[in-house]
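Visitor: kindly return the folded structure for what I paste below:
(chains A and B)
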Amino acid sequence: AQSVTQLGSHVSVSEGALVLLRCNYSSSVPPYLFWYVQYPNQGLQLLLKYTSAATLVKGINGFEAEFKKSETSFHLTKPSAHMSDAAEYFCAASGRSSSYKLIFGSGTRLLVRP
Amino acid sequence: GAGVSQSPSNKVTEKGKDVELRCDPISGHTALYWYRQSLGQGLEFLIYFQGNSAPDKSGLPSDRFSAERTGGSVSTLTIQRTQQEDSAVYLCASTLTIETGELFFGEGSRLTVL
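Guide: Numbering: from 1, shown residues only, chains lettered A, B, ... in the order given. Have a look, this model is predicted:
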(Lines give C-alpha, C1' and ligand atoms only; values in the text may rest on other atoms or scores of the structure.)
Protein backbone atom coordinates (compact mmCIF):
# COMPACT_ATOMS: atom_id res chain seq x y z
CA ALA A 1 0.00 0.00 0.00
CA GLN A 2 1.10 3.52 -0.72
CA SER A 3 2.62 5.35 2.21
CA VAL A 4 4.23 8.74 2.69
CA THR A 5 6.84 9.49 5.33
CA GLN A 6 7.80 12.97 6.44
CA LEU A 7 10.93 13.10 8.56
CA GLY A 8 10.69 15.59 11.39
CA SER A 9 7.38 16.67 12.85
CA HIS A 10 8.92 20.09 13.57
CA VAL A 11 11.60 22.01 11.70
CA SER A 12 12.97 25.31 12.98
CA VAL A 13 15.00 27.70 10.83
CA SER A 14 16.15 31.28 11.08
CA GLU A 15 14.68 33.88 8.78
CA GLY A 16 16.76 33.92 5.60
CA ALA A 17 18.04 30.38 6.05
CA LEU A 18 17.46 27.43 3.76
CA VAL A 19 14.26 25.46 4.27
CA LEU A 20 14.41 21.70 3.70
CA LEU A 21 11.38 19.52 4.45
CA ARG A 22 11.81 15.83 3.74
CA CYS A 23 9.33 13.46 2.14
CA ASN A 24 9.73 9.85 1.06
CA TYR A 25 7.12 7.68 -0.58
CA SER A 26 6.77 3.95 -0.95
CA SER A 27 5.70 2.76 -4.35
CA SER A 28 7.13 0.59 -7.07
CA VAL A 29 5.57 2.91 -9.63
CA PRO A 30 6.30 6.63 -9.32
CA PRO A 31 3.11 8.19 -8.05
CA TYR A 32 1.75 11.65 -8.44
CA LEU A 33 3.33 13.71 -5.65
CA PHE A 34 2.17 16.89 -4.00
CA TRP A 35 3.01 19.34 -1.26
CA TYR A 36 0.20 21.12 0.55
CA VAL A 37 0.48 23.92 3.09
CA GLN A 38 -1.83 24.73 5.98
CA TYR A 39 -1.42 28.18 7.48
CA PRO A 40 -2.71 28.76 11.02
CA ASN A 41 -6.49 28.68 11.13
CA GLN A 42 -6.76 28.19 7.40
CA GLY A 43 -7.56 25.29 5.09
CA LEU A 44 -5.05 23.31 3.08
CA GLN A 45 -3.84 24.66 -0.22
CA LEU A 46 -1.72 23.20 -2.97
CA LEU A 47 1.91 24.34 -2.96
CA LEU A 48 3.23 22.31 -5.89
CA LYS A 49 2.82 19.00 -7.69
CA TYR A 50 4.76 16.42 -9.68
CA THR A 51 2.79 14.47 -12.25
CA SER A 52 5.42 13.24 -14.70
CA ALA A 53 7.03 16.17 -16.43
CA ALA A 54 10.12 17.91 -15.11
CA THR A 55 11.59 16.36 -11.99
CA LEU A 56 12.28 19.77 -10.48
CA VAL A 57 8.96 21.38 -9.73
CA LYS A 58 8.46 25.01 -8.82
CA GLY A 59 5.55 26.12 -6.70
CA ILE A 60 4.16 29.20 -5.11
CA ASN A 61 6.00 31.49 -2.71
CA GLY A 62 9.46 30.45 -3.92
CA PHE A 63 9.18 26.79 -2.93
CA GLU A 64 10.38 23.98 -5.12
CA ALA A 65 10.69 20.21 -4.88
CA GLU A 66 12.75 17.62 -6.70
CA PHE A 67 11.48 14.16 -7.57
CA LYS A 68 14.25 11.57 -7.17
CA LYS A 69 13.11 8.13 -8.21
CA SER A 70 16.30 6.42 -7.05
CA GLU A 71 15.76 7.77 -3.54
CA THR A 72 11.93 7.64 -3.62
CA SER A 73 12.02 11.19 -2.35
CA PHE A 74 10.27 14.46 -3.00
CA HIS A 75 11.88 16.95 -0.62
CA LEU A 76 10.62 20.53 -0.43
CA THR A 77 13.08 23.42 -0.38
CA LYS A 78 13.17 27.18 -0.29
CA PRO A 79 16.47 29.09 -0.46
CA SER A 80 15.53 31.77 2.06
CA ALA A 81 12.87 31.41 4.75
CA HIS A 82 10.45 34.20 5.48
CA MET A 83 8.44 34.66 8.64
CA SER A 84 5.26 34.18 6.62
CA ASP A 85 6.37 30.64 5.71
CA ALA A 86 5.55 29.44 9.22
CA ALA A 87 2.89 26.80 8.68
CA GLU A 88 2.32 23.06 8.54
CA TYR A 89 3.43 21.31 5.37
CA PHE A 90 2.03 18.02 4.11
CA CYS A 91 3.46 15.75 1.46
CA ALA A 92 0.96 13.58 -0.40
CA ALA A 93 1.03 10.81 -2.99
CA SER A 94 -1.54 9.32 -5.30
CA GLY A 95 -1.52 6.25 -7.49
CA ARG A 96 -1.55 6.54 -11.26
CA SER A 97 -4.16 3.96 -12.09
CA SER A 98 -7.10 2.01 -10.67
CA SER A 99 -7.27 4.18 -7.58
CA TYR A 100 -6.42 7.81 -7.12
CA LYS A 101 -6.54 7.57 -3.37
CA LEU A 102 -4.45 10.49 -2.11
CA ILE A 103 -2.38 9.61 0.94
CA PHE A 104 -0.89 12.33 3.13
CA GLY A 105 2.16 12.26 5.33
CA SER A 106 1.92 13.18 8.99
CA GLY A 107 2.99 16.76 8.36
CA THR A 108 5.94 18.96 9.31
CA ARG A 109 5.45 22.16 11.23
CA LEU A 110 7.87 24.83 10.06
CA LEU A 111 8.91 27.42 12.63
CA VAL A 112 10.78 30.51 11.43
CA ARG A 113 12.88 32.37 13.99
CA PRO A 114 13.47 36.10 13.55
CA GLY B 1 -20.95 29.15 -3.31
CA ALA B 2 -17.74 28.61 -5.20
CA GLY B 3 -15.93 26.45 -2.66
CA VAL B 4 -16.41 23.16 -0.88
CA SER B 5 -19.04 23.55 1.80
CA GLN B 6 -19.20 21.41 4.93
CA SER B 7 -21.77 21.29 7.67
CA PRO B 8 -22.00 21.46 10.57
CA SER B 9 -18.82 23.37 11.27
CA ASN B 10 -18.93 22.19 14.87
CA LYS B 11 -20.71 19.24 16.41
CA VAL B 12 -20.70 18.19 20.04
CA THR B 13 -22.32 14.86 20.77
CA GLU B 14 -22.54 12.29 23.49
CA LYS B 15 -20.81 8.95 23.29
CA GLY B 16 -23.01 6.38 21.61
CA LYS B 17 -24.99 8.82 19.47
CA ASP B 18 -24.94 8.80 15.67
CA VAL B 19 -23.73 11.82 13.69
CA GLU B 20 -23.97 12.87 10.07
CA LEU B 21 -21.51 15.21 8.41
CA ARG B 22 -22.32 16.78 5.07
CA CYS B 23 -20.09 17.85 2.19
CA ASP B 24 -21.17 19.87 -0.82
CA PRO B 25 -18.34 19.78 -3.37
CA ILE B 26 -17.53 22.28 -6.08
CA SER B 27 -19.97 21.91 -8.93
CA GLY B 28 -18.64 19.65 -11.66
CA HIS B 29 -15.95 18.02 -9.55
CA THR B 30 -16.19 14.29 -10.05
CA ALA B 31 -13.81 13.22 -7.28
CA LEU B 32 -14.59 13.65 -3.60
CA TYR B 33 -12.44 12.71 -0.61
CA TRP B 34 -13.03 12.49 3.14
CA TYR B 35 -10.16 12.81 5.60
CA ARG B 36 -9.86 12.91 9.37
CA GLN B 37 -7.40 15.20 11.12
CA SER B 38 -6.87 14.57 14.78
CA LEU B 39 -5.08 17.03 17.07
CA GLY B 40 -1.41 17.12 16.14
CA GLN B 41 -1.85 14.43 13.51
CA GLY B 42 -1.73 14.36 9.76
CA LEU B 43 -4.62 13.73 7.43
CA GLU B 44 -5.96 10.22 7.66
CA PHE B 45 -7.62 9.05 4.43
CA LEU B 46 -11.13 7.72 4.96
CA ILE B 47 -12.91 7.27 1.63
CA TYR B 48 -12.74 8.40 -1.98
CA PHE B 49 -15.48 8.71 -4.60
CA GLN B 50 -14.76 9.04 -8.31
CA GLY B 51 -17.67 9.52 -10.68
CA ASN B 52 -19.91 6.47 -10.83
CA SER B 53 -17.18 4.04 -9.82
CA ALA B 54 -17.37 2.07 -6.60
CA PRO B 55 -15.87 4.17 -3.80
CA ASP B 56 -12.50 3.30 -2.27
CA LYS B 57 -13.47 2.66 1.36
CA SER B 58 -10.12 1.27 2.41
CA GLY B 59 -9.49 4.03 4.96
CA LEU B 60 -12.67 3.72 7.00
CA PRO B 61 -11.47 2.77 10.51
CA SER B 62 -14.42 0.57 11.48
CA ASP B 63 -17.87 -0.51 10.35
CA ARG B 64 -19.31 2.33 12.43
CA PHE B 65 -18.19 4.64 9.65
CA SER B 66 -19.98 4.88 6.32
CA ALA B 67 -20.35 7.41 3.55
CA GLU B 68 -22.46 7.91 0.52
CA ARG B 69 -22.54 10.29 -2.36
CA THR B 70 -25.91 10.99 -3.89
CA GLY B 71 -26.32 12.03 -7.50
CA GLY B 72 -22.58 12.40 -7.90
CA SER B 73 -22.62 15.54 -5.80
CA VAL B 74 -23.38 15.91 -2.09
CA SER B 75 -21.76 13.41 0.26
CA THR B 76 -22.67 12.41 3.80
CA LEU B 77 -20.27 10.79 6.26
CA THR B 78 -22.10 8.90 9.00
CA ILE B 79 -20.55 7.76 12.25
CA GLN B 80 -22.68 5.40 14.30
CA ARG B 81 -22.36 4.86 18.04
CA THR B 82 -19.70 7.55 18.35
CA GLN B 83 -16.71 7.01 20.62
CA GLN B 84 -14.42 9.57 22.21
CA GLU B 85 -11.61 8.59 19.86
CA ASP B 86 -13.79 9.75 16.95
CA SER B 87 -13.24 13.36 18.08
CA ALA B 88 -11.40 15.10 15.24
CA VAL B 89 -11.83 17.50 12.36
CA TYR B 90 -13.38 15.79 9.36
CA LEU B 91 -12.27 17.34 6.09
CA CYS B 92 -13.89 16.98 2.71
CA ALA B 93 -12.16 17.81 -0.55
CA SER B 94 -13.08 17.69 -4.20
CA THR B 95 -11.26 17.87 -7.49
CA LEU B 96 -12.00 17.58 -11.17
CA THR B 97 -9.26 15.00 -11.66
CA ILE B 98 -6.38 13.90 -9.47
CA GLU B 99 -3.88 14.59 -12.27
CA THR B 100 -4.36 18.29 -11.66
CA GLY B 101 -3.31 17.65 -8.08
CA GLU B 102 -5.36 20.41 -6.65
CA LEU B 103 -7.78 19.21 -4.05
CA PHE B 104 -10.07 21.96 -2.86
CA PHE B 105 -10.70 21.50 0.83
CA GLY B 106 -13.67 22.56 2.88
CA GLU B 107 -13.31 24.27 6.25
CA GLY B 108 -13.97 20.98 8.01
CA SER B 109 -16.44 19.72 10.59
CA ARG B 110 -15.06 19.62 14.11
CA LEU B 111 -16.56 16.70 16.00
CA THR B 112 -16.31 16.45 19.77
CA VAL B 113 -17.58 13.32 21.45
CA LEU B 114 -18.13 13.71 25.18
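Visitor: run the chain-centre distance for stretch B:84-97.
Guide: Taking Cα atoms, centre = their mean, to the nearest Å, one finds the center of stretch B:84-97 at 4 Å from the center of the full chain.
Visitor: what residues sit buried inside it?
Guide: Within stretch B:84-97, the residues scored as buried using 16 or more other Cβ atoms under 10 Å in any protein chain shown are B:86, B:87, B:88, B:89, B:90, B:91, B:92, B:93, B:94, B:95. For glycine as for every other residue, the C-beta is placed from the backbone atoms N, C-alpha and C.
Visitor: average model confidence for it?
Guide: For stretch B:84-97, the mean per-residue pLDDT is 93.
Visitor: and the contacts of that stretch?
Guide: Stretch B:84-97 is contacted by residues A:43-44, B:4, B:6, B:15, B:21, B:23, B:25-26, B:28-39, B:43, B:46, B:75, B:77, B:79, B:101-106, B:108-114 when judged by Cβ atoms under 8 Å, 6 or more residues apart in numbering or on different chains.
Visitor: same question, stretch B:11-28
Guide: By Cβ under 8 Å, 6+ apart, stretch B:11-28 touches B:2-8, B:32, B:34, B:73-84, B:90, B:92, B:94, B:96, B:104, B:106, B:109-114.
Visitor: which among these count as buried?
Guide: Buried members of the contacts of stretch B:11-28, counted by 16+ other Cβ under 10 Å: B:4-6, B:32, B:34, B:73, B:75, B:77, B:79, B:82, B:90, B:92, B:94, B:104, B:106, B:109-111, B:113.
Visitor: which ones among those residues lie within strands?
Guide: The strands, defined by DSSP state E, take in B:5-6, B:32, B:34, B:75, B:77, B:79, B:90, B:92, B:94, B:104, B:109-111, B:113 from the buried ones among the contacts of stretch B:11-28.
Visitor: does chain A have contacts with stretch B:39-57?
Guide: Yes - applying Cβ under 8 Å from any Cβ of the partner chain, one finds that stretch B:39-57 is in contact with chain A at B:41, B:42, B:43, B:44, B:45, B:48, B:50, B:56.
Visitor: how far away is residue B:95 from residue A:34?
Guide: Noted for residue B:95: a distance of 11 Å to residue A:34, by Cβ to Cβ, to the nearest Å.
Visitor: now swap in residue B:31 and tell me
Guide: Distance, residue B:31 to residue A:34, by Cβ to Cβ: 14 Å.
Visitor: neighbour-wise, which of the two wins?
Guide: Neighbours were counted for residue B:31 and for residue A:34 using other Cβ atoms under 10 Å in any protein chain shown; residue A:34 has more, 28 against 20.
Visitor: for the more buried one, pull up the helix or strand it's in.
Guide: Taking DSSP states H and E as the criterion, residue A:34 maps to strand A:32-38.
Visitor: let's see the pLDDT reported for residue 41.
Guide: Since you didn't name a chain, this refers to chain A. At residue A:41, pLDDT is 80.
Visitor: oops, I was thinking of chain B
Guide: Per-residue pLDDT puts residue B:41 at 76.
Visitor: next: residue A:25.
Guide: Residue A:25 carries a pLDDT value of 92.
Visitor: so how far is residue A:76 from it?
Guide: From residue A:25 over to residue A:76 the distance is 13 Å, taken as Cβ to Cβ.
Visitor: understood, closing this out.
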